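pasting the sequence and the predicted coordinates here, then a few questions.
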Amino acid sequence: MSHTSAVAIAALALLTAGAAFARGPVCPETRTTKKAPDEFYNRANPVAPAALDKKAAEVAFFGDGQGIACASCHGVRGDGQGDMASMFDPPPRNFRCKATLANVSDGQLFWVIRYGSPTTSMPPHPHLSDARIWQLVLYIRALGN
């Protein structure tokens, strides 16, 4: 393949990804994520919604400036439209869509944050404490309300 052909193919791929991204967030999203093992899937969040520490959750979601944060991909509004979102297929989840999260257990969200999501670009976050992840689960749910 010539250099010109390779550049043309890369440009077309970027335009196609950009066009898909420009459509905005989808609600509800129809894709599914691999189901967490039962010992995670069936876990209830031990933190009551009234105990959401919004500041602590926001530090995790928006980051501390030391690396990639949830908002880099999921967007500052949690709508899946972050600065890096157009690079991923499938795109990051739209947490603003209550219907998308309606059938996702808290344990499933915990597992995806902790271990990542196979076949997507969602990385694992083993450095986050369980308490921080449960706060993030509450925060993510609050974005859809």
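Arrived safely, thanks for sending. Numbering: from 1, shown residues only.

now stretch 101-121: buried residues?
101, 104-115, 117, 120 (16 or more other C-beta atoms under 10 Å). Quick note: C-beta positions are derived from backbone N, CA and C, even for glycine.

which one of these is nearest to residue 86?
Of all the buried residues of stretch 101-121, residue 120 has the smallest distance to residue 86: 14.6 Å, by C-beta to C-beta.

from residue 30, how far out is the residue nearest to that closest one when sequence neighbours are not counted?
Closest residue to residue 120 apart from its sequence neighbours, by C-beta to C-beta, 6 or more residues apart in numbering: residue 90 at 5.8 Å. From residue 90 over to residue 30 the distance is 10 Å, taken as C-beta to C-beta, to the nearest Å.

between these two, who's got more neighbours?
More crowded of residue 90 and residue 30, by other C-beta atoms under 10 Å: residue 90, with 14 against 6.

let me know the helix or strand that that one is in.
According to DSSP states H and E, residue 90 maps onto no helix or strand at all.

so where's this structure uncertain?
For the chain, applying pLDDT under 70 flags the ranges 1-24, 66.

quick check, residue 113 in contact with residue 137.
Yes. The pair residue 113 and residue 137 passes the contact test of C-beta atoms under 8 Å, sitting 7.4 Å apart.

so what's residue 96 up against?
Neighbouring residues of residue 96 by C-beta atoms under 8 Å, 6 or more residues apart in numbering: 25, 27, 77, 78, 79, 80, 143, 144.

between those residues, which has the most around it?
Neighbour max across the contacts of residue 96 (other C-beta under 10 Å) = residue 80, 25 neighbours.

find the nearest non-adjacent residue to it, please.
Nearest to residue 80 is residue 94, by C-beta to C-beta, 6+ apart, at 3.9 Å.

repeat that for residue 123.
Nearest to residue 123 is residue 116, by C-beta to C-beta, 6+ apart, at 5.0 Å.

distance of that neighbour relative to residue 71?
17 Å.

what's the closest of the buried residues of stretch 101-121 to residue 58?
Nearest member of the buried residues of stretch 101-121 to residue 58, counting by C-beta to C-beta, is residue 113, at 15.0 Å.

in three-state terms, label the closest one for me.
Secondary structure, DSSP: H, G, I helix; E, B strand; the rest coil: residue 113 is helix.
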